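Engineer: what shape does this take:
(one chain, ligands or ions: 2)
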Amino acid sequence: MSLLSVIVPCYNEEENVAPFYEELMKNESFFREKEIELEVLFIDDGSADGTVQEVRKLRERDERVHYVSFSRNFGKEAAMFAGLEHSKGDYVVLMDADLQDPPALLPDMINCLEQGYDSAATRRVSRKGEPPIRSFFARMFYRLMKRISKTEIMDGARDYRMMTRQMVDAILSMKEYNRFTKGIFGWVGFRTKWLEYENVERTRGETKWNFWKLLLYSMDGITAFSTVPLMIASVAGVLFCMLAFVMIIFIIVRKLIFGDPVAGWPSLVCIMLFLSGVQFLCTGILGQYLAKTYMEVKKRPIYLVKEEV
Ligand code: UDP
Ligand code: MG
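Structural biologist: Numbers count the residues shown, from 1 in each chain. Ligands and ions are numbered 1, 2, ... in the order given. Next up, the predicted model:
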């Protein structure tokens, strides 16, 4: 008998908990056939609604349901980490509570792992139902990451992924505070099989991500998996020094040939404004990395548990 842990991060998902459980259990006969035991681990990420009560109700019916409840909202990254830490399964799968990660793919995923893959990951081939600007910026983000990061981050990849114990342990060994799981999956390596599916729209409740949150999250991703922006800051510095040097020579030569008429203050102001802009930008980039370093060295816990069953 092997054990499959299903990890479900939930933040204000009271109307999704029960339907999710029902949908998951549709695979029960498959699990039984394969002699796979199940453990369903709900991670309540400080929900303000009745999510925990809903999970408790399931727990009364089914001993295989477990939950961890956070003291406040720590974010999905923290919830996934907590789930991995609490899981005991030989296979572990991460799933959203809103049924956007179709449980019908689970048998395929298990088959992949049994064929010898270390993980079965999913990616959406379409983004239908998503606001067009959101898709546009998402695409831009993945294209940028492809260029500036050595870690492979797949376009349209979901966090919906099944892994072997070995890979989970590898991920758990990365204790960083600023977590960007999509990058961590790529960083740890292992053999991954990609399964593709059409986007499924959320039926109940609302998405927890607005544009601003996603933008900040993408910055976390960049600072966590690339130091190219720092490089750009240094290269910009060198380029501008070279430019200044050429200008100095030009001005000296012009003075020697044509004398020194006082003119050109508007261009001077423009140049000064432009350069101080570049300086602020570079300081800002430095600041981003420094801030992340600051949060890392504090070594704060990634999440705090209020209740655990
Ligand atoms: N989630 C969470 N903590 C948060 C935000 C989201 O645990 O701070 C969970 C949420 O309950 C859901 C999953 O992460 O199960 C994905 O969130 P959502 O559906 O809002 O994201 P989207 O699918 O729109 O990207
Ligand atoms: Mg969703």
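Engineer: low-confidence regions, the stretch 101-250 of the chain specifically.
Structural biologist: Applying pLDDT under 70 to the stretch 101-250 of the chain picks out no residues at all.
Engineer: what's the helix or strand for residue 6?
Structural biologist: Secondary structure assignment for residue 6, by DSSP states H and E: strand 2-10.
Engineer: outside of that strand itself, list whatever touches it.
Structural biologist: Residues outside strand 2-10 that contact it (C-beta atoms under 8 Å, 6 or more residues apart in numbering): 16-17, 20, 24, 31, 35-45, 47, 51, 55, 76, 79-80, 83-84, 87-97, 110. All C-beta atoms are positioned from the backbone trio N, CA, C, and that covers glycine.
Engineer: kindly recompute the last result at 7 Å.
Structural biologist: Residues outside strand 2-10 that contact it (C-beta atoms under 7 Å, 6 or more residues apart in numbering): 17, 20, 24, 36-45, 47, 51, 76, 79-80, 83-84, 87-95, 97.
Engineer: each with direction, which strands does that strand pair with?
Structural biologist: strand 36-44 (parallel), strand 91-94 (parallel) (DSSP bridges).
Engineer: same question for the longest one, mean pLDDT?
Structural biologist: Averaging pLDDT along strand 36-44 yields 92.
Engineer: who touches the helix or strand just after the strand holding residue 6?
Structural biologist: Downstream of strand 2-10, the next assigned helix or strand under DSSP H and E is helix 14-25. Helix 14-25 is contacted by residues 6, 8, 10, 40, 49-51, 54-55, 58, 97-99, 103, 204-205 when judged by C-beta under 7 Å, 6+ apart.
Engineer: at 6 Å what do you get?
Structural biologist: 49-51, 54-55, 58, 97-99, 103, 204-205 (C-beta atoms under 6 Å, 6 or more residues apart in numbering).
Engineer: so which of these also contact ligand 2?
Structural biologist: When the contacts of helix 14-25 are checked against ligand 2 using C-beta under 5 Å from the ion, the ones in range are residue 98.
Engineer: from the contacts of helix 14-25, which has minimum pLDDT?
Structural biologist: Among those, pLDDT bottoms out at residue 205, giving 75.
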